[in-house]
Every structure is written in structure tokens, then in C-alpha cells.
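Participant: Fold the following.
(one chain, ligands or ions: 2)
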Amino acid sequence: MTTATQDSEKVQETVAVDSAAPTNFIRNIIDEDLRSGKHRTIVTRFPPEPNGYLHIGHAKSICLNFGLARDYAGRCHLRLDDTNPTKEDVEFSETIKDSVRWLGFDWGEHLYHASDYFGQLYQWAEELIKKGKAYVDDQTADQIRETRGTLTEAGTESPFRNRTSEENLDLFQRMRAGEFPDGSRVLRAKIDMASPNMNLRDPVMYRILHSTHPHTGDDWCIYPMYDYAHGQSDSIEGITHSICTLEFQDHRPLYDWFLEALGIYAPRQYEFARLNLTYTVMSKRKLLELVRDRYVSGWDDPRMPTLVGMQRRGYTPASIRNFCERIGVGKNDSWIEMGILEDCVREDLNEKAPRAMAVIDPLRVVIENYPEDARDEFEALNHPNEPAMGTRTVPFSREIFIERDDFLEDPPKGFFRLAPGREVRLRYAYIVKCTGVVKDEASGEILEVRCSYDPDSRGGSAADGRKIKGTIHWVSADHSVAAEVRLYDRLFTVPQPGSDKEGPDWKTFLNADSLKTLSGCRLEPSLLEAKPGDSFQFERQGYFIADSVDSKPDAPVFSRIVTLRDSWSKK
Ligand code: ATP
Ligand code: MG
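Facilitator: Numbering: from 1, shown residues only. Ligands and ions are numbered 1, 2, ... in the order given. Below you'll find the model as predicted:
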């Protein structure tokens, strides 16, 4: 449990980000520490609490901490901050480890748990008691809260504040031995009830919790608070730069106080601005609510900003690392445009994703002058700029499907796709000309388009050199494979759904169109070989991934990762 305000999604201007962020203030500090000889090896840590799934905000912290260790040839520890047994779960710990590894980082042998230090932390607590710097308080949690004072008024000292060290030690040992029920007593640091910094008004160090811990079982029935555990854990591990988000700035004097009172190695804490990303929420409470109340299908729903969700959506580790680099690390809270994150995955997939053709909303086209039993095959490059990615065979036949909106009976000016009497190029194949339309008499719906093809245009260019403006994608009706396609979009309709500016109920800003499920889409047959998790560029459509959960060999499911262009910036 942390005492900092986690929900500080304040309204701020979205800032533009300059693309090259070669350095940051933390790197400057480290450079100076190395130059002055203060440190020789840089040791950082990423300390998640195993009480939820990591999200894109955590990725910023991971890339920062592991990135520093990598660039300065130091090390970064993964420390599971498991001080609260009631909220934690082994399942979360495993997923956290998977997500850090997936992002491409490695803690080597440096996996730790705050609970590894419970014995040492307890001994140090006894030491502080003996030094007269900690005391057992019998007040209830409510009483403690009520006597803390306010920003303008000093707190009131507890009636138990001046117990002798002997009495405190005896009571603390009996707390540890399990003699008292939950909530009946706490251990507090004896600092200053009148401090202008609320964190220094005799903060609670230990509370009684008769609860089984995932790691230490029933060894303990008292558990340390975050503020007491964190700095000492950093000290034990020899962390040089303890990097956390800005809301811990006011905790820094307490961080320093414990280390000094104990007289142990004192790492330095540095704070940076947390990531706020538009069109999403990141607080664990809100993410939990989305999952629990079924606004999304789970933690790994492709619309979630969780790393498991982003992985399923088709975000690549490289695209997330690149995003974190691009946004940089600063000391001012700001909002980052979702469009920047989307650009990062677009850029990565543009280089890496093989191309394929898929028709999402199929309209049947019959090529009247193409023989019924004839077949053609075309060699198509898997990537226009990467011949090494090879080619595939795309079959062609008398009946094909094209995208319904690539045909208009009555086209406006500037429409270069298919229309009555017009010619269009079928990607890789032939030039076809529309000769007629078959409609449902009652509804007027277009059932089928009739075309003729130009046999001398194999590969797509006319023998007589006439210009064809439009090129559209298509699949062979007989050879193509039916699939479900899920069109994902942003989860919220407003840039800052979690902020006060948008009103109190952030859930009213959920995007009702964030998922459109379409069945009866048609894929070119090579896509049958796609394995769950494989990504493609569907030509003219966007980037798609074979869903890792629901896609089956006989029933493929493809999800849209991102459109080819940013369709939100115009809105
Ligand atoms: P809570 O403490 O409410 O459970 P948390 O988001 O702080 O939530 P932690 O598991 O404590 O989750 O976070 C682990 C690390 O990730 C911390 O060092 C924290 O500062 C960092 N972190 C969390 N959210 C962000 C964010 N949005 N941007 C950057 N770093 C973040
Ligand atoms: Mg936290």
C-alpha cells in the first residue's frame, strides 16, 4: 500500500514532444555522479506492487530504469514490492515478470521481493525503538487520521507517544508474536507532529495484519508500510538512484529520515513525471473497474493500456520502447497524445509486417469474360521494400470479392475506384471494367458487380499504355477464407477521460464504437498459415494481428492493431 495520491490525473495541456530526447535530467545526475566518483556502478530498480497488471505508464518506468542500467553498464533489479499481503497475488507477480521480459529487459539474477527483507526491517524497527525514534500507538486508525492535523494546522501528539523504549519494545515484540488483533496497535516513527510535511507527522511503520503472505506464509502478522520498507530495501540492494514518480517527492524527506536514523547506506531518490496518455485511463482502480464491470473482456482486452492488452493488440516491444524514448523523461506533469504511441507501432510494423490482402466488407464481382474453370496465380511480394521477406502466391478466378466501398454506382468527383463503365486495377492481377450491377429488387442493395477483364493487362498495366488511376485489393471468391475481423478503436471518446475537466463519471466517455466485430470477411488463402500473434498489413486497411486467444486454424480471427493513418487527428 502506498500513501501517495495515485489518482492524480490532473488536467493539463497536452504537450508536443520533440522527437529526439538524447538525454534527460536523471542522466545528467548520473553523469555527474560518475564523474565525481560518487558511484562507479549504477544500480536502479523497478519496484512494482504485485497487485495488478503493468500498463504503459509502468513501461515508461521500466524503460527508464532498465535503460539506464543498460546504457551505463550497471544493473537494474526487479523488486516485487509485496508488503501488503491482502492485495497481492502470485498470478500478478508472474504476469509482471512476463511483461518486463516481453518488453525486452532482463534482471538477470536480481529478482527480489520486499518480503525478503522482513527480518532485517523488523530488526531495524527494534533499533529505532531502542533509539527512542519509534513507538507503539494504541490509537485506532481513525484516531490517528483525525489527529494528523491539516496543511495549515499541526497534528496532535498521541497519548502513547512518550512510552519508554522498554515498553515500546515489549509491545512491538508482542505485536509480532500475534498477541493483538488487527488494527489494535501500530508502530509509528517518532518525528514531528507539527512538521509542515504531513508525511513526517509520525508516520505509521508497521500494522497488524493476520493474513497469509504469498511469499512468507504465516511467518508474519505485522507488515511494514511502503514508506518504511522502500528506502531500506533500496539500501539493502545498494541502489544508487532510486527513481520514482513525482507524487513521492513529499515522501523524500521521510525516505531520507529512516536511512539517516538507522545510519545505513543512503541511496538518493529522484522523481520524474508519470506518463499520462490521452484517450485512456491508467489508474489501477479504474482499470479494475473496467474489467470487473465487463466494459472490456479482461486485463488483456486489446483496448486496455495494460502490457498484456497491448501485446494482444499487436503492439511490439520495440514500438513501446521507442515510444518511451520519444516522450523522454522530465519533471513536469503532462499529457502525451495517444497518436504518438500509435505512430510508433505503425512505424515498426511498416518495416516488419508482411503484406496481405483481406476484404473486410465483401462485395462479389463476376468477371464475365473470364472462363469458369480458369485459374491464374500471381506472385506477390510480402513486403514492397524487403525482397528478403519473400513472395507468396495469390490465386485469381472468375469470381472475386472487393471491398463494398470500393464500388459506387454514382461516384462523386475524385473517386478513382470501381463504378459503372469505369476501369480499375486489381492489385497484382488485371485491369477490370464494370459492365453492370445486380441489385436486390426490393431493397436496392447491390448484390453483385459484373465486370470484364483485359487479358492483356496481366500484372496490372495496360498493353496500350492507357493510364489507370485506381488500384484496389481483392480476394478470389473460391480460394479465400472466411474470417472474423475485429476493428478496435480508442477506448474513450475524449482525450482526458479520467480528469475532472471531463466531469465526474469517466465511464460516460467510453467509446461505444471501440470494438466492431465483423463476420464473413474474406482473407487471401496465404493467411491460413498465420499463427496466433502474427501481424500483417492488410493492404489499404491497416495492421492486423491473428488474435492470440480466439483465432483458430479453421476459424481465423484478426484484430486491427492500428489504421494505416491517424484517423483521429482530423476529428
Ligand atoms: P499503486 O501504487 O496504486 O498500486 P502504481 O501505478 O504506483 O499503483 P506500482 O506497482 O506501485 O503501481 O508502480 C511501480 C512503479 O511504476 C513505480 O515506481 C511507479 O512510480 C511506476 N509507475 C506507475 N505508474 C506510472 C506512470 N503512469 N508513469 C510512469 N511510471 C509509473
Ligand atoms: Mg505505487
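Participant: For the rest of this, base every contact and every neighbour count on C-alpha atoms.
Facilitator: OK.
Participant: For the chain, give me the ranges with low pLDDT.
Facilitator: Scanning the chain with the threshold set as pLDDT under 70 gives 1-22, 500-504, 569-571.
Participant: ok, which residues in this structure are in contact with ligand 1?
Facilitator: 2, 6, 47-49, 57-58, 60-61, 244-245, 274-276 (Cα under 6 Å from any ligand atom).
Participant: and those, which are buried?
Facilitator: Buried subset of the residues of the chain next to ligand 1 (neighbour count, 16 or more other Cα atoms under 10 Å): 47-49, 57-58, 60-61, 244-245, 274-276.
Participant: residue boundaries of the strands in the stretch 151-300 of the chain?
Facilitator: 186-189, 204-208, 222-224, 241-245, 268-272, 275-277 (DSSP state E, counting those that start in this stretch).
Participant: Given the last one, what are its sheet partners and their directions?
Facilitator: The reference is to strand 275-277. strand 334-336 (parallel) (DSSP bridges).
Participant: which element follows the strand it pairs with toward the C-terminus?
Facilitator: helix 338-352 (DSSP states H and E).
Participant: Report all helices and strands that that following helix contacts.
Facilitator: Contact partners of helix 338-352 among helices and strands, from 3 or more Cα pairs under 8 Å, 6 or more residues apart in numbering; DSSP states H and E: helix 317-327, strand 535-538, strand 557-563.
Participant: right, and these - which one's nearest residue 39?
Facilitator: Go through these one by one with Cα to Cα and the one that ends up closest to residue 39 is helix 317-327, at 24.7 Å.
Participant: packing partners for that closest one?
Facilitator: Helices and strands touching helix 317-327, by 3+ Cα pairs under 8 Å, 6+ apart, are helix 56-71, helix 338-352.
Participant: try it again with 10 Å
Facilitator: helix 56-71, helix 90-102, helix 307-313, helix 338-352 (3 or more Cα pairs under 10 Å, 6 or more residues apart in numbering; DSSP states H and E).
Participant: if we can go back for a sec, mind putting the helices and strands packed on helix 338-352 in JSON lines, distance to residue 171 and mean neighbour count included?
Facilitator: Listed next are those as JSON lines, based on distance: least, Cα to Cα, whole Å; neighbours: other Cα atoms under 10 Å:
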{"stretch": "helix 317-327", "distance to residue 171": "48", "mean neighbour count": "20"}
{"stretch": "strand 535-538", "distance to residue 171": "61", "mean neighbour count": "26"}
{"stretch": "strand 557-563", "distance to residue 171": "58", "mean neighbour count": "26"}
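Participant: Looking at the ones you listed, spot the one closest to residue 508.
Facilitator: That would be, of these and by Cα to Cα, strand 557-563, which comes in at 23.9 Å.
Participant: who does that closest one touch, helix- and strand-wise?
Facilitator: Of the remaining helices and strands, those touching strand 557-563 by 3+ Cα pairs under 10 Å, 6+ apart are helix 307-313, helix 338-352, strand 481-488, strand 515-523, strand 535-538, strand 542-546.
Participant: I figured residue 292 hits residue 298, correct?
Facilitator: Yes: between residue 292 and residue 298 there is a contact under Cα atoms under 10 Å: 8.1 Å.
Participant: can you give me the helices in the protein?
Facilitator: 25-35, 56-71, 90-102, 118-130, 141-146, 165-177, 226-236, 252-262, 284-292, 307-313, 317-327, 338-352 (DSSP state H).
Participant: among those, which is nearest residue 42?
Facilitator: Smallest distance to residue 42 across these (Cα to Cα): 6.4 Å, for helix 56-71.
Participant: Please report how far the residue in the chain sticking out farthest from the centre lies from ligand 1.
Facilitator: Distance from the centre of the chain peaks at residue 464, with 53.2 Å (Cα atoms, centre = their mean). Applying Cα to the nearest ligand atom, to the nearest Å, the value for residue 464 to ligand 1 is 60 Å.
Participant: Next: residue 214.
Facilitator: The spacing between residue 214 and ligand 1, counted by Cα to the nearest ligand atom, is 16 Å.
Participant: Neighbours of that residue, how many?
Facilitator: For residue 214, the count of nearby residues is 15 (other Cα atoms under 10 Å).
Participant: Likewise for residue 143?
Facilitator: Residues lying near residue 143 (other Cα under 10 Å) number 11.
Participant: my read: it touches residue 155, true?
Facilitator: No: if you go by Cα under 10 Å, residue 143 and residue 155 don't touch, sitting 11.3 Å apart.
Participant: Go through the helices and strands packed on helix 317-327 and pick out the most buried.
Facilitator: When you average the neighbours per residue for each of these (mean count of other Cα atoms under 10 Å), helix 307-313 leads with a mean of 24.
Participant: Report all helices and strands that it contacts.
Facilitator: helix 56-71, helix 90-102, helix 317-327, strand 542-546, strand 557-563.
Participant: Any idea which of these gets closest to residue 250?
Facilitator: helix 56-71 (19.1 Å).
Participant: Distance of the residue of the stretch 401-550 of the chain found nearest ligand 1 relative to residue 278?
Facilitator: In the stretch 401-550 of the chain, the residue that lies nearest ligand 1 is residue 498 (12.7 Å; Cα to the nearest ligand atom). Between residue 498 and residue 278 the computed distance is 9 Å (Cα to Cα, to the nearest Å).
Participant: neighbour count winner among those two?
Facilitator: residue 498 (27 against 20).
Participant: so how far does stretch 361-380 reach from one end to the other?
Facilitator: This stretch, stretch 361-380, spans 22 Å end to end (Cα to Cα).
Participant: Centre of the chain to it, how far?
Facilitator: 43 Å (Cα atoms, centre = their mean, to the nearest Å).
Participant: So for that stretch, what gets flagged as buried?
Facilitator: Buried residues in stretch 361-380, counted by 16+ other Cα under 10 Å: 361-367, 370, 378, 380.
Participant: next one: stretch 252-260
Facilitator: Buried residues in stretch 252-260, counted by 16+ other Cα under 10 Å: 252, 254-259.
Participant: burial of residue 568, as a residue count?
Facilitator: Residue 568: 10 neighbours (other Cα under 10 Å).
Participant: likewise residue 166?
Facilitator: 12.
Participant: need the contact list for the nearest residue to it once chain neighbours are set aside.
Facilitator: Nearest residue to residue 166, sequence neighbours excluded (Cα to Cα, 6 or more residues apart in numbering): residue 130, at 7.7 Å. Residues in contact with residue 130 (Cα atoms under 10 Å, 6 or more residues apart in numbering) are 124, 164-166, 168-169.
Participant: Just put the helices and strands packed on helix 307-313 in JSON lines and tack on distance to residue 180.
Facilitator: Output for the helices and strands packed on helix 307-313, formatted as JSON lines (distance: least, Cα to Cα, whole Å):
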{"stretch": "helix 56-71", "distance to residue 180": "38"}
{"stretch": "helix 90-102", "distance to residue 180": "28"}
{"stretch": "helix 317-327", "distance to residue 180": "47"}
{"stretch": "strand 542-546", "distance to residue 180": "55"}
{"stretch": "strand 557-563", "distance to residue 180": "54"}
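Participant: With residue 478 as the reference, name the closest of these.
Facilitator: strand 557-563 (19.4 Å).
Participant: Just want the angle from the closest one to strand 481-488.
Facilitator: On the basis of axes from the mean of the first three to the mean of the last three Cα atoms, to 10 degrees, strand 557-563 is oriented at 40 degrees to strand 481-488.
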